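> give the three-dimensional model of this entry:
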Amino acid sequence: DNGVIVLLNQKKEISQQASIFDLRTYGLPGLFESRRENMAKAYVRYFDRYFFNTAVADGTEVILTETTVTKQLDEIILELEGVENDNVDGVDREDMVMFVKPSIYTGLWQSNDLLTNPTGDYMKTFHGVDVVSNHRQTKDVIIMMKGAIALPIVNMAVQFGTLELSANDYLYMPTMFGCKAVAPDLVFYANTGELPSA
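Residues are numbered from 1 along each chain as shown. Sure, this is the predicted structure:
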């Protein structure tokens, strides 16, 4: 049995202060509608960091030996591609996703920006692997098979509360979630160190 249970055993609550004027002007539904985008962005930031911290905690570090960014990224791709065990017989590149810090992402595509591009499209892959720029991870490169980390989230109804010793109130959205590497052997990370140009 290879089933994996991901418990919703974590709680997170994002709140926003609301003045009495705002509440009387917009009402609770209108106020929440106006604050929804900011609250959603706050959740994205929090869950991003939690997801990538889990990747590092449960994944495997790769000590890179190459000296250029392109060769180092190839090196970590090959690490994931070659995984073989009772559940996996290698990982196809279209099933991978690689997250890199913005400085690496920018350097990686600088040479691509100089190429003639009549369609106006930009590459989103590197040697067949989806690449995403991410500034919320602690390691330079994180690569995994898509779906290797589960992050189920259940949002509760928006709540309304009163701040003690204050004329203002607040909106908050309680959330329950779980985060777990369901296939930790398919998650790798590395630091690139100081690199010459790609």
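> low pLDDT regions in this protein?
By pLDDT under 70, the low-scoring segments of the chain are 1-3, 15-21, 23-24, 27-29, 31-36, 110-123, 157-171, 194-198.
> can you do 90?
Scanning the chain with the threshold set as pLDDT under 90 gives 1-44, 67-70, 86-87, 105-126, 152-176, 192-198.
> middle-most residue in it, spatially?
With distances taken as Cα atoms, centre = their mean, the residue of the chain nearest its centroid is D48 (4.0 Å).
> with N85 as the reference, measure out to that residue.
D48 is 29 Å from N85, where distance means Cβ to Cβ, to the nearest Å. For the C-beta atoms, the positions are set from N, CA and C on the backbone; glycine is no exception.
> and stretch 125-134, what's buried?
By neighbour count, and taking 16 or more other Cβ atoms under 10 Å as the criterion, the buried residues in stretch 125-134 are 126, 129-131, 134.
> pick the one among the residues you listed closest to V91.
Proximity of those to V91 was ranked by Cβ to Cβ; the top entry is V129 with 10.0 Å.
> let me know whether that closest one touches M98 as I believe.
Yes: counting by Cβ atoms under 8 Å, a contact exists between V129 and M98, whose distance comes to 5.2 Å.
> for the two, list the residues in contact with both.
Taking Cβ atoms under 8 Å, 6 or more residues apart in numbering as the contact criterion, the residues that touch both V129 and M98 are 77, 143.
> follow-up on the earlier one: which SS class is the residue nearest to the centre of the chain?
Taken by DSSP: H, G, I helix; E, B strand; the rest coil, the conformation at D48 corresponds to helix.
> do the same with the one 3 residues further on
Under three-state DSSP, the three-state class of F51 is helix.
> that one and E66, how far apart?
With distances defined as Cβ to Cβ, the gap from F51 to E66 amounts to 27 Å.
> please say which of those two ends up with more neighbours.
For F51 versus E66, neighbours defined as other Cβ atoms under 10 Å are more numerous around F51 (18 against 14).
> what about the strands in this structure?
Here the chain has its strands, by DSSP state E, at 10-18, 60-61, 96-100, 125-126, 129-133, 141-145, 149-150, 153-155, 159-162, 169-177, 180-181, 187-190.
> dump these into TSV; add distance to L78 as well.
Output for the strands of the chain, formatted as TSV (distance: least, Cβ to Cβ, whole Å):
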stretch	distance to L78
strand 10-18	34
strand 60-61	14
strand 96-100	11
strand 125-126	13
strand 129-133	11
strand 141-145	10
strand 149-150	21
strand 153-155	33
strand 159-162	49
strand 169-177	33
strand 180-181	21
strand 187-190	10
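> and the ones you listed, which is most packed in?
strand 141-145 (a mean of 24; mean count of other Cβ atoms under 10 Å).
> what residues does that one touch?
Contacts of strand 141-145 with the rest of the structure, by Cβ under 8 Å, 6+ apart, involve 52, 55-56, 59, 72-73, 76-77, 79-80, 88, 91, 95-101, 104, 129, 183, 186-192.
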